[in-house]
Structures are given as structure tokens and as C-alpha cells.
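Colleague: Everything below, folded, please.
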Amino acid sequence: MKKIVLFSTVFFFSTVIRSQELAQVTFSNASGLSYFSFLTNGDVLIRVSADGKILEWGTEEQSFRNNGYYAPRLQPYMGRVEYYGAEADSMIRSKVKSIGTAMITYYNSYEASDKAGKIRTIGTLVFDYFDLYTDKALRGKMKFASRLPIEYYGSIEEELLRGKLKSVSNTAVTYYTSFDDKFIRGKIKSIGPASYTWYTSLDIGGGGALKSGSIRQNIGGITYILW
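Modeller: Numbering: from 1, shown residues only. Below is the predicted model of the structure:
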């Protein structure tokens, strides 16, 4: 009986830890970062902006006709969702407190002003952000998602790249620059080992459309999505 209880306890905690992780990184217009998506218990995704705000939560809906396509909007989560009440710190009131079993905390008004109101934890995940004393292109952006470091292109980079996502852990993100064709400037060139090419002004019609590369790439256990 003790072995059964021990196994159940280990299984429970390993499931919780494994199910709270960075699952997706999504870009809009194939260039700018839209949000990070964190997977919680019950396959619920929580979409969080680079500056630490919850945007949406729910589950992905896959197309029956096209296995590679998922609806941009998440299906609403029908489970229990709680919010912080009037008793909470002024920077936290009315914010989401829990989604299912995933508890969410925030930096409060007594802490650094540049972090107040930003997400501090989602379940076992801990978040930190670049402060006011860092490069202005990075200020306020997510710096760590638990153990994963996140980097952005700084002010010394070409203007077109400044503030764009540069890497998630060991996965680098590169972009076409202002020296490239007008239809592809600023678009993603590579994510880790995955390369992307786009139709240019030399192609008849479809300038700027994706020419090669998948809109969903699983790299290092994280799915990168281009919308």
C-alpha cells in the first residue's frame, strides 16, 4: 500500500511539473512576436504577452479537413476560473487568480514599479522581466520563463530588428533585414534549424507569402507558429 501511495504521489507531482511549461511561441504577420503560450493541467493553454499580461486561455481546435491547421482563437475553457477580489493589492484586483488547478500570482505595487501587475508565477513556472535600467528596446519584456532565458534584439541592432524576439533558450530567431527585398523585410528567416523563404517582388503575384517552411515547427519541445 505504501508503494502505491508513493507511486501515486510521484506521478501526481511529475504530471503537474511536466504539464506546466512553455509550449508555444506565436508570431503575427510572420515577423513580430504575438505571445507565449504556457501549457497547464488538462491541456489548457494560457497565452501571455511579452510584457506579462494574460491574453487568452483555453484549448486548441484542430481542423478536421487540414491536420496542420489550428483555429487562431482558443476554445473557451469550461472549468473553474477565479479572480482576485477587492482584498488584493491594487495592482492585482480583478486579475485572474487561477485557471483550473493552475494558480497565478503577480508582482504587487510594493515591488519595483516596472514589474507591478505583471505575472510572477503560473503554477510552478516563475517569470522575470527586464527592468528600467536595461536597454530601452528590452525594458518590461519577459526575461525568464522559469529556467528558460528569453532574449530580444537590442538598440544597437538594425532599427528593423530592435525589440524583436532573438532567442528562447538555445533556439535563435533571425529575420530578413532592410537590405532584403521590400516584401520580406522583417519577416522570419530562421528559427533554430528551420529556415523560411518568402515570395519576393521578383515573383509574379503573392509577394510576401510563405514560399517554403512550415507555419508550425516543433523545435526543442516548443512549437513555433507563424500567423
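Colleague: tell me the pLDDT at E111?
Modeller: We have a pLDDT of 81 for E111.
Colleague: distance of F36 from G52?
Modeller: According to CB to CB, to the nearest Å, F36 stands 10 Å off from G52. In short, each C-beta sits where N, CA and C put it, glycine included.
Colleague: Have a look at the two and say which one is more surrounded.
Modeller: F36 (25 against 20; other CB atoms under 10 Å).
Colleague: Leaving out the residues flanking it, which one is nearest to that one?
Modeller: Among residues not flanking F36 along the chain, V48 sits closest, at 5.2 Å (CB to CB, 6 or more residues apart in numbering).
Colleague: can you pull the contacts of S98?
Modeller: R80, V81, E82, I104 (CB atoms under 8 Å, 6 or more residues apart in numbering).
Colleague: shouldn't the third one be in contact with K95?
Modeller: Pointing back at E82 there. No: here E82 lies out of contact with K95, judged by CB atoms under 8 Å, at a distance of 10.3 Å.
Colleague: Specify which residue of these two has the higher count of neighbours.
Modeller: K95 (17 against 12).
Colleague: circling back: in PyMOL, select just the buried ones from the contacts of S98.
Modeller: Buried subset of these, written as a PyMOL selection, criterion 16 or more other CB atoms under 10 Å:
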select buried, resi 104
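Colleague: show me what contacts E21?
Modeller: Counting by CB under 8 Å, 6+ apart, E21 has contacts F38, L39, L125, S146, G221.
Colleague: For E87, what are phi and psi?
Modeller: phi -80, psi -10 (degrees, to the nearest 10).
Colleague: could we number from 32 for the rest of this?
Modeller: Sure, I'll start numbering at 32, so the last one becomes E118.
Colleague: What distance do you get for it to G148?
Modeller: Taken as CB to CB, the span from E118 to G148 is 17 Å.
Colleague: now do P180
Modeller: 23 Å.
Colleague: Which residue of those two possesses the greater neighbour count?
Modeller: Per other CB under 10 Å, whichever of P180 and G148 has more neighbours is G148, with 20 against 12.
Colleague: tell me the SS of the closest residue to that one other than its chain neighbours?
Modeller: Excluding its sequence neighbours, the residue lying closest to G148 (CB to CB, 6+ apart) is M122, at 4.2 Å. Under DSSP: H, G, I helix; E, B strand; the rest coil, M122 falls in the coil class.
Colleague: Would you check that M122 makes contact with Y138?
Modeller: Yes: between M122 and Y138 there is a contact under CB under 8 Å: 7.5 Å.
Colleague: what is in contact with these two at once?
Modeller: A147, G148.
Colleague: In terms of neighbours, single out the busier of the two.
Modeller: Neighbours were counted for M122 and for Y138 using other CB under 10 Å; Y138 has more, 23 against 18.
Colleague: low-confidence ranges in the protein?
Modeller: Along the chain, segments meeting pLDDT under 70 span 32-51, 95-99.
Colleague: Is the residue most central in space within it bridged to anything, and to what?
Modeller: Among the residues of the chain, the one closest to the centroid is F67, at 0.8 Å (CA atoms, centre = their mean). On the basis of DSSP bridges, F67 is bridged to V56, V79.
Colleague: my guess is S232 meets I215, correct?
Modeller: No: S232 is not in contact with I215 according to CB under 8 Å; the separation is 9.1 Å.
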